[in-house]
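[1] Task: produce atomic coordinates for the following.
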Amino acid sequence: MNKALTIAGSDSGGGAGIQADLKTFQELGTFGTSVITALTAQNTLGVHGVFPQTIEAIEAQLDAVLSDIGADAVKTGMLFSDEIIELVAQKLKQYNVSNIVVDPVMIAKGGASLLQDAAVEALVTKLLPLATVITPNLPEAAKILNVPEMATLDEMEAAAKKLHALGPKYVVLKGGHLEGDEKSTDILYDGENITLLEAERISTKNTHGTGCTFAAAIAAQLAKGDEIAVAVKTAKEFISAAITHSLSIGRGIGPTNHGAYRLNNE
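    Predicted coordinates:
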């Protein structure tokens with residue numbers, strides 16, 4: 001059984017974070033483990049509280065999982081502070097972890113901050129150089145690069161190249177926020193070649209947890225031995241199915257349907 005570890009925040013609403021990652025791992029046939037960096041009081045209406053875990057608690061979780069069970073791939077999500085980022089980077093090196101998927105979670109769908117401003121530098125200098133692949137959306141990429149948000153595909157391609165220069169082996173820059181496009185186009189950049197990954201843009205408000213789920217799907221496929229291009233293609237199909245069959249749960253932004261990809265392929 002291939003194993004995937006998520007290092008992220010807990011979403012009490014079940015649509016994003018640790019909960020979304022574990023559902024995704026399970027759906028894609030990997031055994032999921034977790035390290036919780038922060039508890040969030042969260043539902044479809046937004047984030048109502050963020051409660052970071054202590055460094056000691058996070059370190060104990062990391063050591064417990066990696067010293068015994070190990071991980072064929074690791075996905076990071078909400079890390080919140082520079083201290084947590086530095087600890088995670090240290091432990092990933094200590095345990096010689098490969099297949100590291102970094103989802104640079106910064107802002108919740110409702111606008112709540114999930115990464116302190118002071119932690120962006122630590123993310124860039126400590127974690128991105130260790131990453132197999134990073135999966136920022138357009139606002140996250142703009143924050144990392146300290147530039148205005150991209151508005152065209154050409155600007156996205158230029159940003160992907162700048163992100164690659166920060167150290168990750170691969171960059172997947174997600175174009176879901178690009179306005180006026182009938183398709184949702186992501187860019188995969190390997191340092192030499194640009195690959196466009198297109199899917200139909202789906203009209204729904206229920207998109208909570210899409211970034212977490214997409215990155216977790218990449219991690220699951222890497223854990224199973226897929227090459228990066230295959231892993232990203234499968235993840236794109238997985239999240240497209242999850243959004244297409246999204247769930248109207250709660251009074252706000254509902255979650256995606258993590259079971260849709262499996263059900264569509266049965």
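[2] from here on, contacts and neighbour counts on C-alpha atoms
    Will do.
[3] how about the strands in the stretch 51-200 of the chain?
    73-76, 100-102, 133-134, 170-173, 183-189, 194-200 (DSSP state E, counting those that start in this stretch).
[4] Can you say which of the ones you listed is nearest to G259?
    Closest approach to G259 among the strands of the stretch 51-200 of the chain (C-alpha to C-alpha): strand 194-200, 18.8 Å.
[5] V88 is nearest to which of the strands of the stretch 51-200 of the chain?
    strand 73-76 (8.9 Å).
[6] Please tell me how far the closest one is from the chain's geometric centre.
    On the basis of C-alpha atoms, centre = their mean, to the nearest Å, strand 73-76 sits 9 Å off its chain's mean C-alpha point.
[7] strand partners of that strand, parallel vs antiparallel please.
    Sheet pairing of strand 73-76 (DSSP bridges) gives strand 3-11 (parallel), strand 100-102 (parallel).
[8] helices or strands up against the helix or strand just after the first one?
    Toward the C-terminal end, the helix or strand that comes next after strand 3-11 (DSSP states H and E) is helix 17-27. In this structure, helix 17-27 packs against strand 3-11, strand 31-43, helix 210-223, with contacts taken as 3 or more C-alpha pairs under 8 Å, 6 or more residues apart in numbering; DSSP states H and E.
[9] Surely V172 and V133 touch.
    Yes - assessed by C-alpha atoms under 8 Å, V172 is found in contact with V133 at 7.0 Å.
[10] show me where the stretch 151-266 of the chain has helices.
    Using DSSP state H, counting those that start in this stretch, the helices of the stretch 151-266 of the chain run over 153-164, 210-223, 228-244, 260-265.
[11] picking that back up, among the strands of the stretch 51-200 of the chain, which is nearest A141?
    Here strand 170-173 is closest among the strands of the stretch 51-200 of the chain (C-alpha to C-alpha), at 7.7 Å.
[12] Mind giving me the packing neighbours of that closest one?
    Using 3+ C-alpha pairs under 8 Å, 6+ apart: strand 170-173 touches strand 133-134, helix 153-164, strand 183-189.
[13] which parts of that strand are buried?
    Neighbour counts over strand 170-173 (16 or more other C-alpha atoms under 10 Å) mark Y170, V171, V172, L173 as buried.
[14] Let me see the contact set for the residue sitting nearest the centre point of the chain.
    The centre of the chain sits closest to D103, judged by C-alpha atoms, centre = their mean, with a distance of 3.3 Å. By C-alpha atoms under 8 Å, 6 or more residues apart in numbering, D103 lies in contact with K75, T76, G77, M78, I134, T135, P136, G211, C212, A215.
[15] Those into JSON lines, with extra columns for distance to T30 and pLDDT?
    JSON lines is the format used below for the contacts of D103 (distance: C-alpha to C-alpha, whole Å; pLDDT from 0 to 100):
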{"residue": "K75", "distance to T30": "13", "pLDDT": "98"}
{"residue": "T76", "distance to T30": "16", "pLDDT": "98"}
{"residue": "G77", "distance to T30": "18", "pLDDT": "96"}
{"residue": "M78", "distance to T30": "21", "pLDDT": "93"}
{"residue": "I134", "distance to T30": "20", "pLDDT": "98"}
{"residue": "T135", "distance to T30": "20", "pLDDT": "97"}
{"residue": "P136", "distance to T30": "23", "pLDDT": "96"}
{"residue": "G211", "distance to T30": "19", "pLDDT": "94"}
{"residue": "C212", "distance to T30": "16", "pLDDT": "96"}
{"residue": "A215", "distance to T30": "14", "pLDDT": "98"}
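[16] now, among the residues you listed, which is nearest to N99?
    Distances from N99 to the contacts of D103, taken by C-alpha to C-alpha, are shortest for K75, at 8.4 Å.
[17] Looks like the closest one contacts V102 (just checking).
    Yes - using C-alpha under 8 Å, K75 is in contact with V102, at 5.9 Å.
[18] which neighbours do the two share?
    Common neighbours of K75 and V102 (C-alpha under 8 Å, 6+ apart) are A215.
[19] By mean pLDDT, show me the worst of the helices and strands packed on strand 170-173.
    In terms of average pLDDT, strand 183-189 trails the rest of the helices and strands packed on strand 170-173, at a mean of 91.
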